[in-house]
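[1] Give the three-dimensional model of this entry:
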Amino acid sequence: MGKRLSWSLCLFLSIALFYSFGVRNQDKDFDLLIVNGKIIDGTGNPWFYGDVAIIGDTIAAIGNLKGRTAAEVIDACGKAVSPGFIDMHTHCDSGLGAVPTNVNLNYLTQGVTTVVTGNCGSGTYNIAETKADWEKNGIGTNAVMLVGFGTLRRAALSVEDRQPTPEELGKMKALLKQAMGEGAWGLSTGLQYIPDRYADTEEVIAVAQIVRDYGGIYTSHQRDEEAHLVEAVQETIRIGKETGARVNSAHFKCAGKDNWGIMKEAVKAINEARAQGIEITADMYPYDKAATTPLLAIFNIPKDWEDFKDIREKIQDETIPAAERITLMQKAINGLAEALADKEKREAIRKITLEGDPKEVNWVKTWGWHNFTIVSAQKNKHLIGKILSDLAEEQDKNAFDVAADLFVEEKLGIIISLCTMSEDDMKYAMQQDWLMFSSDGSAIPFGSGAAHPRNYGSFPRVLRKYVREEKTMTLEEAVRKMSSLPAHLLQ
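    Next up, the predicted model:
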């Protein structure tokens, strides 16, 4: 849970340190000595050859340590030694609290030794209790905990779409103050999600001032990551300016093919804010496709349809056995396919899908067909990689009908990405000196089915694709964006 900057050999020494020495050999100078390595120290400065000595979990010396002794010596000739990576944006909360994912192996194998969690407005305010549980069972990485704005709002006024009363706002601030006193690092928001999106900027500022008082950070899944990205960035800048807190734009992206190119305007806004003395940064996962989900997710269904009403309620009832809920889910999937095959029912689904439901996530209305890419298909493999808006144009069909016909044919066989980014936009942002890398992943077991590759490969992908192959940045700069830059934000 501490702020010490640990080190990793290539991408694997973090694991060696995790299983390191419990009792020091007093006859030796150090517990562990890494010799002859090419050191990339995380500052962005050129690499240099040297040795790294470790006692317990602390770096004891760096430099020419020839003649010094250790209980274990690792010859790193031909290998790189760097600071352990800090992932600025994860959702490892639940995984760290469960066996066996508490080891956080899918992060350790990436060279990540610290994860920032509680992001997108979802983090707990019971910091002391969570910390005690994690320390009792053990966790494989350091963890930085953020308090979720949505968690605070639910505690004060449930999920109501209104401004809080002075008493409710006071409760939110009191809970955050308690959490910061117990060791939270700051506040996260998920301003595209319920209930966070019901809050106006003034409400967020009022709560985030507590973070400033404790020297913490404010990091935001911003209100828009598509056509209104610049306005969303400006809101984050305003929160930083009016609270004085360090602020961060989470999983920085410009999604949707029709919006590609807006990234440069968002970058310009951040550079201008920084020139005015506002400490704003951003993090990014190195993939041009975001979260994946079955095609099913984009369709909204009228709530008064009796065929689905009972199923919807029972699926959400956790007192019903899981096997029964799975059966009900399959019934709902088959029912949706039958409804979409019926002309009259398809039109009803089309209407609510395109217009949206104020109490539901409205993927199509909010994000548009140009944001959905087919990433997997059991039958129509030739469509993999196609954006639905492009597919509609190619087939001279309405995009809704393209999606509906595919669902009728394949049901859960089609998997889509919910956000589609431009590689050029991503590379432009990556080259900014304030841009850090992250995964937006979770602590999950290896082999977890259709999990997004960012859960396992975000940091290796930066080093392979954007450093070694495409030379978007130097190795020294990439390591800085993974280590000292996030460490500085979290100090």
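
[2] When you work out contacts or count neighbours from here on, use the C-alpha atoms and nothing else.
    Will do.

[3] Near residue 279, how many residues? Count them for me, please.
    Number of residues near residue 279 (other CA atoms under 10 Å) recorded here: 19.

[4] what is the mean pLDDT for stretch 49-61?
    Averaged across stretch 49-61, pLDDT comes to 93.

[5] need the contact list for residue 186.
    If you count contacts by CA atoms under 8 Å, 6 or more residues apart in numbering, residue 186 has them with 145-147, 180, 211, 216-219.

[6] Which strands and helices lie in contact with the longest strand seen in the chain?
    In the chain, with assignment by DSSP state E, the single longest strand is strand 30-39. With contacts taken as 3 or more CA pairs under 8 Å, 6 or more residues apart in numbering; DSSP states H and E, strand 30-39 sits against strand 48-55, strand 70-75, strand 80-83.

[7] wait, which of those strands is closest to residue 136?
    Residue 136 sits nearest to strand 48-55 of all the helices and strands packed on strand 30-39, at 23.2 Å, using CA to CA.

[8] quick one, the closest one and strand 30-39 angle?
    Compare the direction of strand 48-55 with that of strand 30-39 by axes from the mean of the first three to the mean of the last three CA atoms, to 10 degrees and you get 160 degrees.

[9] Alpha carbons of strand 48-55, in CSV - could you do that?
    Provided in CSV are the C-alpha atoms of strand 48-55 (Å, rounded to 0.1, in the frame of the first residue of the first chain):
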residue,chain,number,x,y,z
PHE,A,48,23.5,3.2,-18.2
TYR,A,49,25.1,0.0,-17.1
GLY,A,50,25.1,-0.7,-13.4
ASP,A,51,24.1,-3.0,-10.5
VAL,A,52,21.0,-2.9,-8.2
ALA,A,53,21.1,-4.1,-4.6
ILE,A,54,18.0,-5.0,-2.6
ILE,A,55,17.5,-5.6,1.1
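
[10] Can you tell me the SS state at the one residue sitting closest to the centre of the chain?
    What sits nearest the mean C-alpha location of the chain, by CA atoms, centre = their mean, is residue 440, with 1.9 Å. Put simply, residue 440 is coil when judged by DSSP: H, G, I helix; E, B strand; the rest coil.

[11] Identify the residues contacting it.
    Contacts of residue 440 (CA under 8 Å, 6+ apart): 89-91, 251, 285, 454-455.

[12] May I have the phi/psi pair for it?
    Dihedral pair for residue 440: phi 60, psi 30, per degrees, to the nearest 10.

[13] quick one: what helix or strand has residue 86 in it?
    Element membership of residue 86 [criterion: DSSP states H and E] is strand 85-87.

[14] Would you tell me what the next helix or strand after that strand is?
    Next along from strand 85-87, by DSSP H and E: helix 93-96.

[15] What is the very next helix or strand once past that following helix packed up against?
    Where DSSP H and E defines the elements, the next helix or strand beyond helix 93-96 is helix 105-108. Applying 3+ CA pairs under 8 Å, 6+ apart, one finds that helix 105-108 makes contact with helix 454-461.

[16] helices or strands next to the helix it packs on in the packing?
    Packing contacts for helix 454-461, counted by 3+ CA pairs under 8 Å, 6+ apart, involve helix 105-108.

[17] which residue sits closest to residue 94, ignoring its sequence neighbours?
    Once flanking residues are discounted, residue 94 sits nearest to residue 443: 7.7 Å by CA to CA, 6 or more residues apart in numbering.

[18] you'd agree the one you found is in a helix?
    No: checked against three-state DSSP, residue 443 lies outside a helix; its state is coil.

[19] quick revisit: for the strand holding residue 86, which strands pair with it and how are they oriented?
    As defined by DSSP bridges, the strand partners of strand 85-87 come to strand 112-117 (parallel).

[20] need the helices for the stretch 151-300 of the chain, in chain order.
    166-181, 201-213, 229-243, 263-275 (DSSP state H, counting those that start in this stretch).

[21] rewinding a little: mind checking the pLDDT average for the strand holding residue 86?
    Mean predicted confidence for strand 85-87 is 98.

[22] i'd like the first residue to be 21 from this point on
    With the count now opening at 21, the last piece we talked about shows up as strand 105-107.

[23] Please enumerate residues in contact with that strand?
    For strand 105-107, the external contacting residues (CA under 8 Å, 6+ apart) are 27-28, 131-136, 457-459, 499, 502-503, 506-507.

[24] For residue 418, grab phi and psi.
    Residue 418 adopts backbone torsions of phi -70, psi 140, taken as degrees, to the nearest 10.

[25] Could you measure from it over to residue 371?
    In this view, residue 418 and residue 371 are 13 Å apart by CA to CA, to the nearest Å.

[26] Check residue 112 too.
    Taken as CA to CA, the span from residue 112 to residue 371 is 37 Å.

[27] The two: which has the busier surroundings?
    Legend: neighbour count by other CA under 10 Å for residue 112 and residue 371, higher for residue 112 (24 against 14).

[28] Of the contacts of residue 460, select the buried ones using a ChimeraX command.
    With 16 or more other CA atoms under 10 Å as the criterion, this ChimeraX line picks the buried residues out of the contacts of residue 460:
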select :109,110,111,271,305,474,475
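
[29] quick one: which of the contacts of residue 460 is nearest residue 296?
    Closest approach to residue 296 among the contacts of residue 460 (CA to CA): residue 271, at 23.3 Å.
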